[in-house]
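[1] generate a structure from the sequence data that follows.
(chains A and B)
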Amino acid sequence: QSVLTQPPSASGTPGQRVTISCFGSTSNIGSNYVYWYQQLPGAAPKLLIHRNAQRPSGVPDRFSGSKSGASASLAISGLRSEDEADYYCAAWDDSPSGPVFGGGTKLTVL
Amino acid sequence: EVQLVESGGGLVQPGGSLRLTCAASGFTFSNYWMSWVRHRQAPGKGLEWVANINQDGSEKYYVDSVKGRFTISRDNAKNSLFLQLNSLRAEDTAVYYCARLAVAGTSDFDYWGQGTLVTFSS
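    The predicted structure is shown next:
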């Protein structure tokens, strides 16, 4: 059982906007930054969003992150077939100390 | 270009040992905290942080499930990160990733290797 809770699956059609939620607690998301990772099939995870809502260089602005209280969301607009991947949220947890991840959400582009 | 290349994974028996290595290049290795993160292969299992080590190796932190069995270390002269896995259990089956931690005390893993697979033989 992962510390952060994500829906196991999400789907959308090309061009649509989809959101993926991530629920935590006051010891992790509620008091620390949230990060999002994209893992394409057979590939290593890639940092998609850092510090709740900032995109690293090279990440398209179709990807956006937000945080409210002890929950966070990743939104993908203008969905493309190449967005089909597993998406993970992550945060630092103050107790016990260390990084924690969500269980991952498998995004299917229909 | 930042590159992290893991090696050392393989087939082991329960109770066995392995040593994973991560060769780093393209950045000043000794300036960064480094981490190991694993992706368990069981259905429904996702990413799990395993261990962190600070720049000079004097601080090491582990997830509870591997404490006393796994040891993280580094050799800054050789730009290498290591993970010694002892007393391996079936639930340790995973792809093990080496990752650079951009900011200590966060989950900001800004670069990842391609991973090395640890699996069990029956």
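
[2] from now on I want contacts and neighbour counts done on CA atoms only, so please keep to that.
    Noted.

[3] what is the neighbour count of residue B:36?
    The tally of other residues near residue B:36 (other Cα atoms under 10 Å in any protein chain shown) stands at 26.

[4] tell me the contacts of the spatially closest residue to it that is not a sequence neighbour?
    If the residues on either side of it in the chain are set aside, residue B:36 comes closest to residue B:98, at 4.7 Å by Cα to Cα, 6 or more residues apart in numbering or on different chains. By Cα atoms under 8 Å, 6 or more residues apart in numbering or on different chains, the contact set of residue B:98 is B:4, B:5, B:6, B:22, B:34, B:35, B:36, B:37, B:81, B:112, B:113, B:115.

[5] which phi and psi values does residue B:98 adopt?
    Note on residue B:98: backbone dihedrals following degrees, to the nearest 10 are phi -90, psi 140.

[6] helix or strand for the residue nearest the centre of chain B, which one?
    Geometric centre of chain B, nearest residue: residue B:36, 2.7 Å, by Cα atoms, centre = their mean. In the assignment (DSSP states H and E), residue B:36 maps to strand B:33-40.

[7] helices or strands next to that strand in the packing?
    strand B:47-53, strand B:94-101 (3 or more Cα pairs under 8 Å, 6 or more residues apart in numbering or on different chains; DSSP states H and E).

[8] strands of chain A, residue ranges please.
    Ranges of strands in chain A, per DSSP state E, are A:9-12, A:18-23, A:34-39, A:46-49, A:63-68, A:71-76, A:85-94, A:97-101, A:105-109.

[9] closest to residue B:63 out of these?
    Minimum separation from residue B:63 across the strands of chain A (Cα to Cα) falls at strand A:97-101, 7.4 Å.

[10] packing partners for that closest one?
    Other helices and strands packing on strand A:97-101, by 3+ Cα pairs under 8 Å, 6+ apart, are strand A:85-94, strand B:47-53.
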